[in-house]
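> I need the structure of the sequence given here:
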Amino acid sequence: MTTERKEHLKNFLTEQGAQYQEQQLISFEGYAQPSVRHAPTLSILDHRAVIELAGADTFKFLQGQISSDTSKLNIGQHQQGTVCTPKGRMYSQFTLLKTTEEHALLAMHEGLTEITQTNLGKYTVFFKTKLQQKENLYCIGLSGKDIESSLVAVFGKIPSNNQAIAIDDNGWLMEVAGLCQRYEAWITLESLKRLWSELTEHFAPTNQQHWRLLDIEAVTPALMPAALETYTPQHLNQPSLGSVSFRKGCYTGQEIVARMQNLGQLKSRCYRLSVNESVELEAASKLFNEAGKAIGEVIDCVTENNNTELLAVIRVDAAESNTVQTEAGLSLLCLPLPYEINPKAELQQ
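Here you go, the predicted model:
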C-alpha cells in the first residue's frame, strides 16, 4: 500500500472518529465496541491490498504459476491460492477472484504485493497479461452471528459459497471461512463513504486486530512477510483449506508440494495456541518444548482482554502432547483444529 493511498483512507476514517497511534488504527470513538467476539463487527483490513491481472492469457498464465485450479472458476467466483518457489516454498498467498474472462483480482497481505508482482512479472512477458496494484480498492471485513439481514439491508443480497456479488461498479463482497459468519469486501473509498452510515448502523467499526483474531480462531493462517519462502503450503494447512489442487497439473513448485503430500509425513503444521495472559509475540518468534528445544515459530499473535491467542507452525508431536512454551518458559495451550487434516483425501482435490 502506498503512503498516499493509506492517507486517503486515514483521512476519511479520522473524520469518522478513528484513533491512530504511530500510523496504526487503534479504535473508533463514538461507536460501541464489539461486546463479544462474534458481535456484528466491521474490521478495517488496512493490512491487505489487491493486485489486478488483465489480459487475454490471464488465467492460462495463473494456471501455470499458482497452486489452485483456475479452470474451476466462473466469472464472479473466488478461491484461495498460493504461489511457490521452485523448491515449493510460499512467497505469496491470496484470495483470487475472477471478475471477467480476462481479469483477475488477488487480495493478500500488503507486505506480499511487491514480491508477488516482481516474481510473477518475470513470466508475464511470455503471456498476454499484465500485473498492477489496484490502488482504488480497499479491504474491509464484516463478521458476526446472524448477520444476513444486516448484509441484505446494506447490499441488497448476500453472497454464498464461492460466488461473490458486485458492489457498485468496481467492488465485490464474498463469503469467508470462519467459526462465525464472515464476509470480505473489496471496495472503493467512494463506495465506503457512501455506505459508511448504513454499515455502522449494523456493524461496530474496529481495526484489523479483530479480523486477525477470527482468522486465528478458525485456523486460517495468512502468510506474513516475516515468513516469506519459509513454508510449504502444507505447513500452513493450505491443502486442508482448499488452496491446493493436486490434480490440475504442473505449476511452479508443484513437484515438491505433491511429493510432500504423497509421503504424508509432514512433521510440522499450523495450530492455534492460547494463554490467559497478555503476551507480545512477534511473527517468526521461536517456540520451544519442555526440554528447551525449538519446535516452531509464531505466524500471528493477538491479545484481547488479557488473553493471548496465536497461530504457529509447530511440530505435530509437540502439539499432540501439548508441550509448547515461549522462550521465557510460559506454557501455551494447543487447541484442536476446527477442520480435518486428511492428506489422502486432499490428493483428490
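
> could you give the number of residues near Leu195?
Neighbour count for Leu195, taken as other Cβ atoms under 10 Å: 18. For glycine as for every other residue, the C-beta is placed from the backbone atoms N, C-alpha and C.

> could you pull out the helices for the stretch 101-250 of the chain?
Using DSSP state H, counting those that start in this stretch, the helices of the stretch 101-250 of the chain run over residues 113-124, 148-155, 189-202, 208-218.

> tell me which of those sits most buried.
Across the helices of the stretch 101-250 of the chain, the average number of neighbours (mean count of other Cβ atoms under 10 Å) peaks for helix 208-218, which reaches a mean of 21.

> and for that helix, what's in contact with it?
Under the criterion Cβ atoms under 8 Å, 6 or more residues apart in numbering, residues 25, 34, 37, 41, 43-47, 141, 143, 177-180, 182, 221-222, 272, 300, 302, 304, 309-311, 338 lie in contact with helix 208-218.

> next SSE after that helix?
As assigned by DSSP states H and E, the chain's next helix or strand after helix 208-218 is helix 254-263.

> can I get the helix or strand that comes right after that next one in PDB, CA atoms only?
As assigned by DSSP H and E, the chain's next helix or strand after helix 254-263 is strand 268-275. C-alpha atoms of strand 268-275 as PDB (Å, rounded to 0.1, in the frame of the first residue of the first chain):
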ATOM      1  CA  SER A 268       5.100 -29.600  11.400                       C
ATOM      2  CA  ARG A 269       1.900 -27.700  10.600                       C
ATOM      3  CA  CYS A 270      -0.200 -24.800  11.800                       C
ATOM      4  CA  TYR A 271      -2.000 -24.800  15.100                       C
ATOM      5  CA  ARG A 272      -3.900 -22.400  17.300                       C
ATOM      6  CA  LEU A 273      -2.500 -21.800  20.800                       C
ATOM      7  CA  SER A 274      -3.600 -19.600  23.700                       C
ATOM      8  CA  VAL A 275      -2.700 -18.500  27.200                       C
END
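
> and strand 268-275, what other elements does it pack with?
In terms of contacts (3 or more Cβ pairs under 8 Å, 6 or more residues apart in numbering; DSSP states H and E), strand 268-275 is packed against strand 294-304, strand 307-315, helix 316-321, strand 331-335.

> quick revisit: now the contacts of helix 208-218: which count as buried?
Buried subset of the contacts of helix 208-218 (neighbour count, 16 or more other Cβ atoms under 10 Å): 25, 34, 37, 41, 43-47, 141, 143, 178, 180, 182, 221-222, 272, 300, 302, 309-311.

> please name the residues that touch the closest residue to Lys157 other than its chain neighbours.
Counting by Cβ to Cβ, 6 or more residues apart in numbering, Lys157 lies nearest to Ile165, which is 6.1 Å off, once chain neighbours are set aside. Applying Cβ under 8 Å, 6+ apart to Ile165 gives the contacts 76, 155, 157-159, 172-174.

> whichever of those end up buried, select them in ChimeraX.
Buried residues among the contacts of Ile165 (16+ other Cβ under 10 Å), as a ChimeraX selection:
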select :76,155,158,159,172,173,174
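
> kindly reformat the contacts of Ile165 as JSON lines containing pLDDT.
As requested, those are exported to JSON lines (pLDDT from 0 to 100):
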{"residue": "Gly76", "pLDDT": "98"}
{"residue": "Phe155", "pLDDT": "97"}
{"residue": "Lys157", "pLDDT": "95"}
{"residue": "Ile158", "pLDDT": "96"}
{"residue": "Pro159", "pLDDT": "96"}
{"residue": "Trp172", "pLDDT": "98"}
{"residue": "Leu173", "pLDDT": "98"}
{"residue": "Met174", "pLDDT": "98"}
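
> closest to Pro239 out of the contacts of Ile165?
Nearest to Pro239, judged by Cβ to Cβ, of the contacts of Ile165 is Met174 at 21.1 Å.

> which residue packs closest to that closest one, ignoring adjacent ones?
Once flanking residues are discounted, Met174 sits nearest to Ala164: 4.0 Å by Cβ to Cβ, 6+ apart.

> likewise Ile140?
Ala185 is the one closest to Ile140 (Cβ to Cβ, 6+ apart), at 5.0 Å.

> can you give me the neighbour number for that neighbour?
Ala185: 26 surrounding residues under other Cβ under 10 Å.

> need the contact list for it.
Ala185 touches 139-142, 167, 171-174, counting by Cβ under 8 Å, 6+ apart.

> isn't Val302 right up against Leu311?
No: in this structure, Val302 is not within contact of Leu311 by Cβ atoms under 8 Å, at 9.4 Å.

> so how far is Arg269 from the residue nearest to Ile140?
Remark: distance between Ala185 and Arg269 (Cβ to Cβ, to the nearest Å) = 30 Å.

> now do Met260
Met260 sits at a distance of 11 Å from Arg269 (criterion: Cβ to Cβ).

> follow-up on the earlier one: would TSV of the helices and strands packed on strand 268-275 with mean pLDDT be doable?
Formatted as TSV, these follow (pLDDT from 0 to 100):
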stretch	mean pLDDT
strand 294-304	97
strand 307-315	98
helix 316-321	96
strand 331-335	98
